[in-house]
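# Give me a 3D structure for the following:
(2 chains)
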Amino acid sequence: MVRTKYNWLATVFLIVGAVFILFPMYMTIMVAIKSPFELAQSLLGIPARIFWSNFTQAISITHYGQTFGNSFFITFFAVVLTILTNSMVAYAIARNMHSWIFKGMYYYFFSAMFVPFPIIMLPLVRQMSAIGLADSIGLIILYVVYGLSFNVFVYIGYLRSIPLELEEAAWVDGAGRWTIFWRIIFPLLGPMNATVGILTALWAWNDFLLPLVMLSDPNQYTLPLVQYAFQSQYSTNYNLAFASYLMALLPMVVVYVVFQRWIINGVTKGAIK
Amino acid sequence: MVRVMRSLPYTIMTLPAVVLFFYFHTLPALQGMFYSFTNWNGFGPVNFIGLKNYIGLFQDPQVLHSYAFTFEFAIVTTILVNILSLMIALALNSRIKFSKTFKAIYFLPYVLSTLIVGFIFNYIFSNVIPQVAQQLHIIALTQNILGTGFAWVGIVIVAAWQGAAFNTILYLAGLQTIPEDVYEASSIDGASPWINFWQITFPLIAPFFTINMVLAAKTYLQVFDQIVALTNGGPGEATQSVTFVIYTNGLGGGEFAYQSANSVVYLIVLVTVALIQIRILQRREMQF
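All right, here's what the predicted structure looks like:
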């Protein structure tokens, strides 16, 4: 049976939905590139020319260069360290699931997924300031450590599909566990590393609550946190605020447009495992 | 001895992770439980007061209201998001033009910062909708919804706008596991699309339904960013979620021990909800 007929009902539904999704994005751009005067005249119309001073003003108010740098620094190291360490922990656990100690570790990390962040939030803030880690370094450590509970689970699901024979052959040839992991297993984990990396990047880049409670020094504020901290300064000037929102959202949107297929696949894989 | 040597690298690989995880995750949780039985608020001596904090919670209108609001919000949003994303996934999975473009558009909200999305919608609710409503003379919508008793509806809309992306992708992955010939067989039998969906499609993607319901409920029961960006808990205390109350009163309001007790209760509630959901939904899966 050959059906080449397009489903028009579905198409119309999707177009309506897409307009609903894209409208706030369109509006954000329009408000960001207008002067307050033009905004008062027409809310959604395309302006005659781009009012760049919204952006230059937003850059200087939010210290965009520095704030972007903070977000990038935290996200970059959270991703790299998460991939390197969490995969290794998962490997060691996956190959020792017969031992009650390692099985215990697995359930220990896994059960933490059910623990909501608010329950650890209050004591954590005190603890981190007591040891002088209420800063971006501390934040990176928390992303890497908290990531364990989900990532170990995801990595182990994938590690089960890698045949043991590969490792045994190397073991017989005299390779140590470390060599086996870094030379053989880690490269094979490529697709899962991508998934974990993408999920960690989205989490660290967009997170609000953890930076809000952890970062005491305004010079270390991340992009979302700065939007929150500067609300009062924007309140009278929506154009300025939206220029700032747009610049905060844009890096991830660009990354998304470029790596779109990877990101969707990565998130799907992470969720199904 | 040989066995120990063989497993030594495995121990070195995992031990630091366990220690760090205990220190940064389990220890604060235990501390929270410990302080929940005291009246300690950050300074001075620690006095045990037994269950007084817990008893207080159940008589505290602000706390009780925050649980009621959080549950209402989470139930409505979870159902709405799952209906929407299932519909979107079904549409994306059917024969359509530009399916890749649509998929890319529908997933876009997932990569955006929830807080900033909230700020953008805040402007839509406070300025765009009232302005448009005025021009069209729709009196009911000329007011900023976030300042009314329907503020929660605004929060639901924003959460669904962003949250549908993730669930859609999951449902789509589920739909793509269904082989085409299953439908062909039933279309020969002359089944209508509606019957097709309930008799064939839905049972086959039931596991994805379970994951989606559990994950969505977990996410929305912890709602925080949207509240901060849209209403800051208002009007009054109407849209204060549990997380919002723990954050505001616990860190800024001098209720460290009291809100620690609140978070212990919250933990118990969330774990219970997750377990009940998994139980019920898995039993349903079996029936199909």
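# Show the residue spans covered by the helices in the stretch 101-250 of chain B.
Here the stretch 101-250 of chain B has its helices, by DSSP state H, counting those that start in this stretch, at B:114-123, B:129-136, B:151-175, B:180-188, B:193-196, B:202-204, B:206-221, B:225-230, B:242-247.
# Worst mean pLDDT among those?
Mean pLDDT per stretch puts helix B:180-188 lowest among the helices of the stretch 101-250 of chain B, at a mean of 71.
# Around chain A, pick out the residues from the stretch 151-288 of chain B.
Applying C-beta under 8 Å from any C-beta of the partner chain, we find that the stretch 151-288 of chain B lies next to chain A at B:161, B:166, B:169-170, B:172-173, B:184, B:187, B:211, B:215, B:221-222, B:224-225, B:228-229, B:242-243, B:246-247, B:250-251, B:256, B:259-260, B:263-264, B:266-267, B:270-271, B:274. (Each C-beta comes from the backbone N, C-alpha and C, glycine too.)
# Buried ones among these?
B:161, B:166, B:169-170, B:172-173, B:211, B:215, B:221-222, B:224-225, B:228-229, B:242-243, B:246-247, B:250-251, B:256, B:259-260, B:263-264, B:266-267, B:270, B:274 (16 or more other C-beta atoms under 10 Å in any protein chain shown).
# what about the helices in the stretch 1-150 of chain A?
Applying DSSP H, counting those that start in this stretch to the stretch 1-150 of chain A gives helices spanning A:8-32, A:36-41, A:53-62, A:64-94, A:100-111, A:117-130, A:136-159.
# In TSV: these, plus mean neighbour count, mean pLDDT and distance to chain B.
Below are the helices of the stretch 1-150 of chain A laid out as TSV (neighbours: other C-beta atoms under 10 Å in any protein chain shown; pLDDT from 0 to 100; distance: least, C-beta to the nearest C-beta, whole Å):
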stretch	mean neighbour count	mean pLDDT	distance to chain B
helix A:8-32	17	91	4
helix A:36-41	14	82	9
helix A:53-62	17	86	12
helix A:64-94	21	95	4
helix A:100-111	16	91	6
helix A:117-130	20	90	4
helix A:136-159	22	93	5
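# mind putting the ones you listed in CSV, distance to residue B:95 included?
CSV is the format used below for these (distance: least, C-beta to C-beta, whole Å):
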stretch, distance to residue B:95
helix A:8-32, 8
helix A:36-41, 42
helix A:53-62, 43
helix A:64-94, 38
helix A:100-111, 40
helix A:117-130, 43
helix A:136-159, 33
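# Can you say which of the ones you listed is nearest to residue A:262?
Closest to residue A:262 of the helices of the stretch 1-150 of chain A is helix A:64-94 (C-beta to C-beta; 13.7 Å).
# what packs against the closest one?
On a contact count with 3 or more C-beta pairs under 8 Å, 6 or more residues apart in numbering or on different chains; DSSP states H and E, helix A:64-94 meets helix A:100-111, helix A:136-159, helix A:190-206, helix A:223-229, helix A:238-272, helix B:2-21.
# Go through the ones you listed and name the closest to residue B:147.
Across these, residue B:147 has its closest neighbour in helix A:238-272 (17.3 Å, C-beta to C-beta).
# Could you check the angle that closest one makes with helix B:114-123?
Put simply, helix A:238-272 runs at 130 degrees to helix B:114-123, going by axes from the mean of the first three to the mean of the last three C-alpha atoms, to 10 degrees.
# now for the helices of the stretch 1-150 of chain A, which one comes closest to residue B:33?
helix A:117-130 (8.4 Å).
# if we look at the closest one, which residues are touching it?
A:134, A:138, A:209-210, A:213-214, A:216, B:24-25, B:27-29, B:31-32, B:35, B:42, B:222, B:242-243, B:246-247, B:250-251, B:256, B:259-260, B:263-264, B:266-267 (C-beta atoms under 8 Å, 6 or more residues apart in numbering or on different chains).
# Repeat that for stretch A:266-273.
For stretch A:266-273, the surrounding residues in contact (C-beta under 8 Å, 6+ apart) are A:150, A:153-154, A:157-158, A:191-192, A:194-199, B:110, B:166, B:169-170, B:172-173, B:211, B:215.
# at 6 Å instead, please
By C-beta atoms under 6 Å, 6 or more residues apart in numbering or on different chains, the surrounding residues in contact with stretch A:266-273 are A:154, A:157, A:194-195, A:198-199, B:169-170, B:173.
# Which residue ranges make up each domain of the chain?
Using chain A here. Domain ranges of chain A: A:1-51, A:64-272, per automatic domain parsing.
# hm, I was asking about chain B
Split into domains by automatic domain parsing, chain B comes to B:1-25, B:36-287.
# where's the longest one relative to the chain centroid, distance-wise?
Pointing back at domain B:36-287 there. Relative to its chain's centre, domain B:36-287 lies at 4 Å (C-alpha atoms, centre = their mean, to the nearest Å).
# for the shortest one, same thing?
For domain B:1-25, the distance between its averaged C-alpha position and the chain's averaged C-alpha position is 34 Å (C-alpha atoms, centre = their mean).
# low-confidence ranges in the stretch 151-273 of chain A?
Residues of the stretch 151-273 of chain A meeting the criterion pLDDT under 70: A:235, A:273.
# what does it put close to chain B?
Within reach of chain B by C-beta under 6 Å from any C-beta of the partner chain, the stretch 151-273 of chain A has these residues: A:177-178, A:206, A:208-209, A:224, A:227, A:245, A:248-249, A:252, A:256, A:260, A:264, A:268, A:271-272.
# now those residues: which count as buried?
With neighbours counted using 16+ other C-beta under 10 Å, those contain these buried positions: A:177, A:206, A:208-209, A:224, A:227, A:245, A:248-249, A:252, A:256, A:260, A:264, A:268, A:271-272.
# Ignoring the adjacent residues along the chain, who's closest to the residue most central in space within chain A?
The centroid of chain A falls nearest to residue A:202 when counting by C-alpha atoms, centre = their mean (1.4 Å). Leaving out its chain neighbours, the residue that sits closest to residue A:202 by C-beta to C-beta, 6 or more residues apart in numbering or on different chains is residue B:111, at 6.1 Å.
# Could you export the helices and strands packed on helix A:64-94 as CSV, including distance to residue A:65?
Converted to CSV, the helices and strands packed on helix A:64-94 look like this (distance: least, C-beta to C-beta, whole Å):
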stretch, distance to residue A:65
helix A:100-111, 38
helix A:136-159, 16
helix A:190-206, 17
helix A:223-229, 12
helix A:238-272, 11
helix B:2-21, 32
